[in-house]
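Novice: Give me a 3D structure for the following:
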Amino acid sequence: MKKNKYIFVLLLLISITVVCSIGTFFYVKLNNEQVAKEDEILVMTSCNPVYIATLNLLDGVEGYKVQNLSQPTTGCLHDYTLTTEDMKNLSKADVLIVNGGGMEGYLDDVVAAYPDLKIIDTYEAIEHSDGFIGMDEYLIEEDEEESHEEEDEVSEHHHDHGANSHIWMDDRLYKCQVAAIANELMGPNPNREETPISKNFFEYSHKLENEIDKQGLDVAVANEDVAILHEAFAYTAQSLGANVVATMDLDEERQVSAGEVSTFIDEIKEHNVKLVFAEYDYGKSMGDLIEEQTDAKVVYLETLMHGNYSKQDYIKVINENYSRIDNRINN
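Specialist: Below you'll find the model as predicted:
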């Protein structure tokens, strides 16, 4: 009996020794890998659409690491609060790429905390650069005359600088965002056209040009009046040539009055709106009411704020949105 006990203890000690050795091996290996990557340029991005663009531009490019601040489940970025981990990552970052246009409510805090951090603002690049001829005309500004005073406090966080900052929802503007990021990452390189980033830019631009399929919607929906339940879809409508005649911007904090609902329904009826673009999470209840009281069809689209961090996601989700619109029109 004692002999068996000793054997058991011996085997236990051997097992512990093996486990500790393996643990030490991987710990050392991990630390060595981290040290080896210290010379990488850390590029931080603020949200999923900008992350996807950057991921495609730096795919396979040595010496860069791309990391996103917000998680795939993050909703509205206007009220996103930087975590301790975010600030830690930013302290190590070489570049921060943001959507801009007021989307990142925390940006002033980042600038104050890290004044030397290079920030690429894609909205600003499109708005002010001569390289995007005419593209500034596609940036949707808020119409102050149509805004209600009682809504100001509730929705103020959406409209910094008076802009609708969901520019990636118009695929033409997204192409400009990609170009803005590529230009800034390459810098004043005389041989920039021969760089890996330039190669990736042309490849991804080609994909965006040829793999996004509007399925003829830019003809079928062109000049049609539509309504939206999320300001991001103003850019979806714009990309298809449709006219937005009624807007109700819904999110997790938006409290809608009975009067607003009544006015919105009346606008849909007045303009004989046949299509309403909505986000399912916040627009389903209102969508049901619209289809109950009007002849309009509600189509639920994705804003691309959520995702699984795949570099294929932008084309995939935009095509799914267009397909849902097409299906709703024909069914």
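Novice: Where does pLDDT dip in the stretch 51-200 of the chain?
Specialist: 70-79, 130-134, 142-161, 190 (pLDDT under 70).
Novice: where do the strands sit along it?
Specialist: Applying DSSP state E, counting those that start in this stretch to the stretch 51-200 of the chain gives strands spanning 64-68, 95-98, 118-121.
Novice: and among those, the most buried is which?
Specialist: strand 95-98 (a mean of 24; mean count of other CB atoms under 10 Å). Using the backbone N, CA and C atoms, a C-beta is placed for each residue, glycine as well.
Novice: for it, the distance to its chain's centre please.
Specialist: In terms of CA atoms, centre = their mean, to the nearest Å, the centre of strand 95-98 is set 13 Å apart from its chain centre.
Novice: partner strands of that strand, parallel or antiparallel?
Specialist: Paired neighbours of strand 95-98 in the sheet (DSSP bridges): strand 41-45 (parallel), strand 118-121 (parallel).
Novice: one step back: which one, of the strands of the stretch 51-200 of the chain, ends up nearest to residue 197?
Specialist: Residue 197 lies closest to strand 64-68 among the strands of the stretch 51-200 of the chain, at 8.8 Å (CB to CB).
Novice: Now that closest one - C-alpha only, PDB.
Specialist: Only the C-alpha atoms of strand 64-68 are listed here, as PDB (Å, rounded to 0.1, in the frame of the first residue of the first chain):
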ATOM      1  CA  TYR A  64       3.100  47.100 -39.100                       C
ATOM      2  CA  LYS A  65       0.600  45.900 -36.600                       C
ATOM      3  CA  VAL A  66      -3.100  47.000 -36.800                       C
ATOM      4  CA  GLN A  67      -5.300  47.100 -33.700                       C
ATOM      5  CA  ASN A  68      -8.800  48.500 -33.200                       C
END
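Novice: List the neighbouring strands of that strand plus their orientation.
Specialist: In the sheet, strand 64-68 lines up against strand 41-45 (parallel) (DSSP bridges).
Novice: and of the strands of the stretch 51-200 of the chain, who's closest to residue 84?
Specialist: Residue 84 lies closest to strand 64-68 among the strands of the stretch 51-200 of the chain, at 15.5 Å (CB to CB).
Novice: and for that closest one, what are the contacting residues?
Specialist: The contact list for strand 64-68 (CB atoms under 8 Å, 6 or more residues apart in numbering) reads 37, 40-48, 51, 54-55, 58, 89, 93, 309.
Novice: mind redoing it with 7 Å?
Specialist: 37, 40-45, 51, 54-55, 58, 89, 309 (CB atoms under 7 Å, 6 or more residues apart in numbering).
Novice: right, and out of the residues you listed, which lies closest to residue 280?
Specialist: Distance to residue 280 across these (CB to CB) is lowest for residue 309, with 21.0 Å.
Novice: Number of residues surrounding that closest one?
Specialist: Using other CB atoms under 10 Å, residue 309 is surrounded by 13 other residues.
Novice: and it, helix, strand or coil?
Specialist: When classified by DSSP: H, G, I helix; E, B strand; the rest coil, residue 309 comes out as coil.
Novice: pLDDT score for it?
Specialist: Note on residue 309: pLDDT of 80.
Novice: Residue 305 too?
Specialist: Residue 305 carries a pLDDT value of 88.
Novice: hang on, it in a helix?
Specialist: No - assigned with three-state DSSP, residue 305 falls outside any helix and is coil.
Novice: That one against residue 48, yeah?
Specialist: Yes - look at residue 305 against residue 48 with CB atoms under 7 Å: they come within range, at 5.9 Å.
Novice: With neighbour numbers in mind, choose between the two.
Specialist: Ranked by neighbour count (other CB under 10 Å), residue 305 and residue 48 place residue 48 first, with 26 against 20.
Novice: Mind listing what's buried along stretch 193-209?
Specialist: 195, 196, 197, 198, 200, 201, 204, 208 (16 or more other CB atoms under 10 Å).
Novice: go on, stretch 122-131?
Specialist: 122, 123, 125, 126, 127.
Novice: who touches that stretch?
Specialist: Outside of stretch 122-131, the residues within contact range by CB under 7 Å, 6+ apart are 50, 99-101, 132, 135-136, 139, 165, 167, 173, 176-177, 180-181.
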